[in-house]
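Peer 1: how does the following fold in three dimensions:
(chains A and B)
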Amino acid sequence: MDRRRSPRPRRAPARAARATLGLILLLVLLGPLLWPHAADAVDFGQRNAAPSLAHPLGTDQLGRDLLARLFEGGRLTLAVGGAAMALSLLLGCAIGLAAGLFPRLDGLLMRLTDLFLSLPLLPILLVAVMLFRDRLSGAFGHDVGLFLLVVLGIGFTSWMMTARVVRGLTQTLMRRDFIIAARVAGASTGALVTRHILPHCASAILVSATLGIANAILLESALSYLGLGFPADMPSWGRMFTEGLPYLSDRPGRALWPGAMISLTVLAVSYLGDGLRDRIADEIRLPR
Amino acid sequence: MTFTLRRLGWAIPTLLVIALALFALIDLAPGDPLAQLPLGVSPEVEAEMRAALGIDRPAPDRFGLWLQQMFWIEPAQAVNALFGTGWAEDMPRLISWQNRAPVMQIIGERLPQTLWVVGAAYVVGLLLAVPLGIIAALRQYALFDHLTGGISVLGYALPPFFTGAVLILLFTTTLGWLPLSYDGLHRVEDWPSLRYQLWQMTLPVMVLSLQTTALLSRYMRAAMRDELRAPYVLSARARGLSEPRVILLHALPRALGPVVSVAALGLPQVFGGAIITEQIFRVNGVGHLLITALKASDWPVVLTITFLLAVLIVLCNLLADLLNAWLDPKLRHG
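Peer 2: Numbers count the residues shown, from 1 in each chain, chains lettered A, B, ... in the order given. Okay, the predicted model is just below:
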């Protein structure tokens, strides 16, 4: 039916998104190695400097180079996005597969999913981050503890859509002839999952992954913006935005550059996800 | 009718489980409201204060009391305030640790600001999304469609604090048209004060409605597209009805069905988004109260606001289900 659709959706946005994302990754990974200024090098002679040749984006209230900090913040933000996405995919796939494979668990797991979907997630995330902050940073050290805190918090509150999609696909697949043939031939459940079900879910999971990264980056920056994410000594883009906000009228770049980087990354990732979804829309039916 | 009852019967256990989960989460809190006591306070006095706050009792007791307060004592107080009755007057109310005032009273003071902003954003979002979605569906893959598509992706991808900062920079710092922060004490009494109220609401409403528009216009477009492909549209056109008539009187009412339920589901999200938006524009609403209470470890306030948001989500889910069932009899009987 979709084949009748006369003009095809354009692929250009997805291509541009891929290029942008590649560029951001390249900058964030190579930037700190090539750029002469360190992100935490304090220079009191250059406090709140305007953009210049030496500091293309200017400096902050301690004279630290904004571009160098932008590279470092990007590393943290993207690491959180990737790790939280991986965790939520892992949880979502596990729960979705369990619900799809074992009808006995299905009711319980889907009620759990519904329950999580009816929770006010942002307030709960804020509460959880507030409550477990000291405990985790006590157990794993300051940096690792806070990183884990944010990643675990986001991961545990955003697996639901993946679980639903994977469950639906698994249930459909389990009725297909090739799966029935494999089961008759004596394939174990583990083999079914790794050889047949997961490969068939791969594209849907990939789309979930792009949505997951975008969602995780937005949540992390919201947490940091509200002052409950990363502290001043671990500047993610969200944290840098908050720190720059009081200087909005004099040095708008201090808040707007990190904010623009968050937006650009999320935008690129979403367009990438949209492109992927359009491409696989004929393969499987996904909620649009 | 049985459908309605079944849905209601499902909503209540859901709320109870959510209440238990929230209470359990917050009960793990290491924060102690009496940690800041001066050194000279004797243990007896401290024990008395703990008893007064009700934190000396075991967790199941406190959960029971909290449920009683949420579902009986506080609603009874609301009835008292409205009708001058004297229900449950000697029962312990839910008290904020930070302000020593009843939690519901504090929320009641903050709620109007949030409702003004959230309500206006929701209405503006809906009013924009419906026509945008219709036009985008009619001109599929044309420039306008890509444009609205772009706007809706932007509405999703731009964090509200970033949009807020850009708007503040543009309209307040550079142009000086709009006030920087929201004056929560402002009362609407006459035309000039109403004008000021609308003026100061503009920026927060713009930020919040962008998100609503982004979500709803996409659904509107998809629903409208599906309807325009339906045979009855073809038949209406074949009978020679004018194009506006076909679109507005035949396709639109049917396309609005799914959009209405998405709009109902989206309402709690707007309240959630208000937490951040209130922070950036310094609107002293409920979201702002939540953040300050959270930072002060004022758990009764945090617990109550979070639970009320959960109630809102469950109610909106219920509403969406009922609307769907009303619009589509297949769901009611199947």
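
Peer 1: and the residue of the stretch 151-300 of chain B nearest chain A?
Peer 2: As assessed by CB to the nearest CB, chain A sits closest to B:Phe162 within the stretch 151-300 of chain B, at 3.7 Å. In short, each C-beta sits where N, CA and C put it, glycine included.

Peer 1: give me the neighbour count for that residue.
Peer 2: Neighbour count of B:Phe162, defined by other CB atoms under 10 Å in any protein chain shown: 26.

Peer 1: and the gap between B:Arg62 and B:Phe23?
Peer 2: To B:Phe23, B:Arg62 is 8 Å away according to CB to CB, to the nearest Å.

Peer 1: I meant to write B:Pro204 there.
Peer 2: 32 Å.

Peer 1: looking only at neighbour counts, state which of these two leads.
Peer 2: Per other CB under 10 Å, whichever of B:Pro204 and B:Phe23 has more neighbours is B:Pro204, with 27 against 18.

Peer 1: which element is the more buried one on?
Peer 2: Element membership for B:Pro204, per DSSP states H and E: helix B:191-228.

Peer 1: so does the helix or strand that that helix is followed by get close to chain A?
Peer 2: Scanning forward in sequence from helix B:191-228 by DSSP H and E, the next helix or strand is helix B:231-238. No: using CB under 8 Å from any CB of the partner chain, helix B:231-238 stays clear of chain A, with a minimum separation of 13.5 Å.

Peer 1: run the chain-centre distance for the helix or strand that helix B:231-238 is followed by.
Peer 2: Next helix or strand after helix B:231-238 toward the C-terminus (DSSP H and E): helix B:243-245. Relative to the chain's own centre, helix B:243-245 is displaced by 36 Å; criterion: CA atoms, centre = their mean, to the nearest Å.

Peer 1: and the angle for the following helix or strand past helix B:243-245 with helix B:191-228?
Peer 2: Scanning forward in sequence from helix B:243-245 by DSSP H and E, the next helix or strand is helix B:252-281. Going by axes from the mean of the first three to the mean of the last three CA atoms, to 10 degrees, helix B:252-281 is angled at 140 degrees with respect to helix B:191-228.

Peer 1: and stretch A:235-254, which residues are buried?
Peer 2: A:235-245, A:247-248, A:251-254 (16 or more other CB atoms under 10 Å in any protein chain shown).

Peer 1: give me the element the most centrally placed residue in chain A is part of.
Peer 2: When CA atoms, centre = their mean is applied to chain A, the residue found nearest the centroid is A:Ile213 (1.9 Å). Assigned by DSSP H and E, A:Ile213 falls within helix A:198-225.

Peer 1: contact partners of stretch A:111-127?
Peer 2: Here stretch A:111-127 makes contact (CB atoms under 8 Å, 6 or more residues apart in numbering or on different chains) with A:95, A:99, A:153-154, A:157-160, A:163-164, A:219, A:222-223, A:226, A:228, B:14, B:17-18, B:21-22, B:25-26, B:268, B:272, B:275, B:290-291, B:294, B:302, B:305-306, B:309-310, B:312-314, B:317.

Peer 1: show me where the stretch 1-150 of chain A has its helices.
Peer 2: Along the stretch 1-150 of chain A, counting by DSSP state H, counting those that start in this stretch, helices occupy A:12-34, A:66-101, A:103-117, A:121-140, A:142-156.

Peer 1: tell me the pLDDT of B:Arg239.
Peer 2: At B:Arg239, the model reports a pLDDT of 88.

Peer 1: quick one: residues in contact with the helix or strand hosting B:Thr292.
Peer 2: Element membership of B:Thr292 [criterion: DSSP H and E] is helix B:286-295. Helix B:286-295 is contacted from outside by A:123, A:126-127, A:130, A:226-228, B:96, B:98, B:106-107, B:110-111, B:113-114, B:271, B:274-279, B:282, B:298, B:301-302, B:305-306, using CB under 8 Å, 6+ apart.

Peer 1: middle-most residue in chain B, spatially?
Peer 2: Centroid-nearest residue in chain B, with CA atoms, centre = their mean: B:Phe271, separated by 2.6 Å.

Peer 1: look up how far B:Leu315 lies from it.
Peer 2: Using CB to CB, one gets 12 Å for the distance from B:Phe271 to B:Leu315.

Peer 1: repeat for B:Leu167
Peer 2: 31 Å.

Peer 1: who has more neighbours, these two?
Peer 2: B:Leu167 (19 against 15).

Peer 1: what lies in contact with the helix or strand encompassing that one?
Peer 2: Taking DSSP H and E as the criterion, B:Leu167 maps to helix B:160-167. Here helix B:160-167 makes contact (CB under 8 Å, 6+ apart) with A:221-222, A:225, A:241, A:245, A:248, A:255-256, A:259-260, A:262-263, B:203-204, B:206-208, B:210-211, B:273, B:276-277, B:279-281.

Peer 1: now that helix against helix B:252-281, angle please.
Peer 2: 80 degrees.

Peer 1: how about the residues of the stretch 51-200 of chain B near chain A?
Peer 2: Counting by CB under 8 Å from any CB, the residues of the stretch 51-200 of chain B near chain A are B:140-141, B:146, B:153-154, B:156-159, B:161-162, B:165-166, B:168-169, B:173.
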